[in-house]
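*Asks:* How does the following fold in three dimensions:
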Amino acid sequence: DAIQSKVDTINGGTSYIEDIPSSRLGPLVDAGLVRATTSWDELRAVDAILICLPTPLTEHREPDLSAVLGAAESLAQRLRPGQLVVLESTTYPGTTREELAPVLERSGLKAGKDFHLAFSPERVDPGRTDWTTRTTPKVVGGLTAECTRRAMELYGLACETLVPVTSPEVAELTKLLENIFRSVNIALVNELAMLCDRMDIDVWDVIDAAASKPFGFMPFRPGPGLGGHCIPIDPFYLTWKAREFDLHTEFIELAGKVNSQMPQFCVTKVGRALNSRRKALNGSRVLVMGISYKADVNDTRESPSLRIIDLLQADGAHVEYHDPHVPELPKLGMTNIDLTAEALAGYDVVVVVTAHSGVDWEMVARESSLVVDLRNVVPAVDGKVWKL
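*Replies:* Numbering: from 1, shown residues only. I've put the predicted structure just below:
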């Protein structure tokens, strides 16, 4: 890693990743099985190198591969024959072959001949315990059949099920399809939620009823918008690449548009809830419950909570937040407040954006004067709890 403090933390046996407890990492460090470094030169001695760097979008919503290609340039200066390089970062089809391979070949070595190159997308659901890195099937696509075999040889040491595919492009598009599938289906239920709001129908009851069908239906839940590094960003990697082939992926782009509208819709609903109490959003005290993008993690990347806070403050609301996983928001000058009965009673409205499992939702329903529940977790109280 490029950040010395993270390297020092790992080498001290302490994990800064919430999903990986220090009690699990520490013994591996003590045994010499895990070690972190900032030195590229140390990679000369290893047999396999996995590139797991962020692939965000630029301000113009185009792929930003600078971190990945910058690492490849540094790696090319140390690459030796026989090494295996695997890209795990989510990206558009063709990246491994057309972008990564040429940079690595500046070493004078030929990909697929002198060293092995493959793509194997990360598959992880933070906070989940039933499917782990070991038990989740691992997709592997090499530049050549031998590259695939070598990559599977490596991943077979850690993953129970391997899924070999015919090329890096297939593996790259597999990851995008997985995230686009979620984005499109979430957009569908989000749009349905907005319609149900106008029709005065409980969208949660509709989804639960539809989910009783044992075939041909998979339930997705509406929410305040998409968060995290993957689903809000990855689909646009494919829409950008599709333009190279003179194709506009309208379905994918429409899903992104619908999902991006949800924070504004939710804030409008908060305003309507306050109006029912003859109060305006301007000047009201608002408590936002949950800042991370999903339950029981501390990741705030692309979190709809941040957009909702911006919109609430723009409308003149006085906003505070509670999130046991996010102690502070330095950029907003905000810190986590303790959740007590007295604290809840002091707000004009409580807005549930992320539903962490450790929260006493019955207390929230009982002690709050008004709740807008965007996650369907607060017990229903007529006139007090408004649901998405």
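
*Asks:* I'd like the next helix or strand past the strand or helix carrying Gly256.
*Replies:* When elements are assigned from DSSP states H and E, Gly256 belongs to helix 250-275. Using DSSP H and E, the helix or strand that follows helix 250-275 in sequence is strand 285-289.

*Asks:* which helices and strands does that next one pack with?
*Replies:* Contacting strand 285-289 under the criterion 3 or more C-beta pairs under 8 Å, 6 or more residues apart in numbering; DSSP states H and E are the following elements: helix 304-314, strand 318-322, strand 349-352. C-betas here are computed from N, CA, C, even on glycine.

*Asks:* Pro235: neighbouring residues, count only.
*Replies:* 26 (other C-beta atoms under 10 Å).

*Asks:* Next one: it, what pLDDT does it get?
*Replies:* Reported pLDDT at Pro235 in the predicted model: 87.

*Asks:* could you dump the helices and strands packed on strand 285-289 to JSON lines with distance to Thr174?
*Replies:* Output for the helices and strands packed on strand 285-289, formatted as JSON lines (distance: least, C-beta to C-beta, whole Å):
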{"stretch": "helix 304-314", "distance to Thr174": "27"}
{"stretch": "strand 318-322", "distance to Thr174": "37"}
{"stretch": "strand 349-352", "distance to Thr174": "34"}
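
*Asks:* so which of those is the most packed in?
*Replies:* strand 349-352 (a mean of 26; mean count of other C-beta atoms under 10 Å).

*Asks:* Could the C-alpha coordinates of that strand be exported in CSV?
*Replies:* Output in CSV follows, covering the C-alpha atoms of strand 349-352 (Å, rounded to 0.1, in the frame of the first residue of the first chain):
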residue,chain,number,x,y,z
VAL,A,349,-38.4,14.4,12.9
VAL,A,350,-36.1,11.3,12.8
VAL,A,351,-35.2,10.1,9.3
VAL,A,352,-34.1,6.4,9.0
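
*Asks:* Show the subsequent helix or strand relative to that strand.
*Replies:* helix 361-367.

*Asks:* buried sites along the helix or strand just after that following helix?
*Replies:* Per DSSP H and E, helix 361-367 leads on to strand 371-373 as the next helix or strand towards the C-terminus. For strand 371-373, burial by neighbour count (16 or more other C-beta atoms under 10 Å) applies to 371-373.

*Asks:* now do stretch 365-385
*Replies:* 365, 367-368, 370-378, 384-385.

*Asks:* nearest to Arg278, of these?
*Replies:* For these, the closest approach to Arg278 (C-beta to C-beta) belongs to Leu370, at 11.6 Å.

*Asks:* Skipping its backbone neighbours, what lies nearest the closest one in space?
*Replies:* Sequence neighbours aside, Val349 is the residue nearest to Leu370 in space, at 4.5 Å (criterion: C-beta to C-beta, 6 or more residues apart in numbering).

*Asks:* The one you found and Val372 touch, don't they?
*Replies:* Yes - here Val349 lies in contact with Val372, judged by C-beta atoms under 8 Å, at a distance of 6.2 Å.
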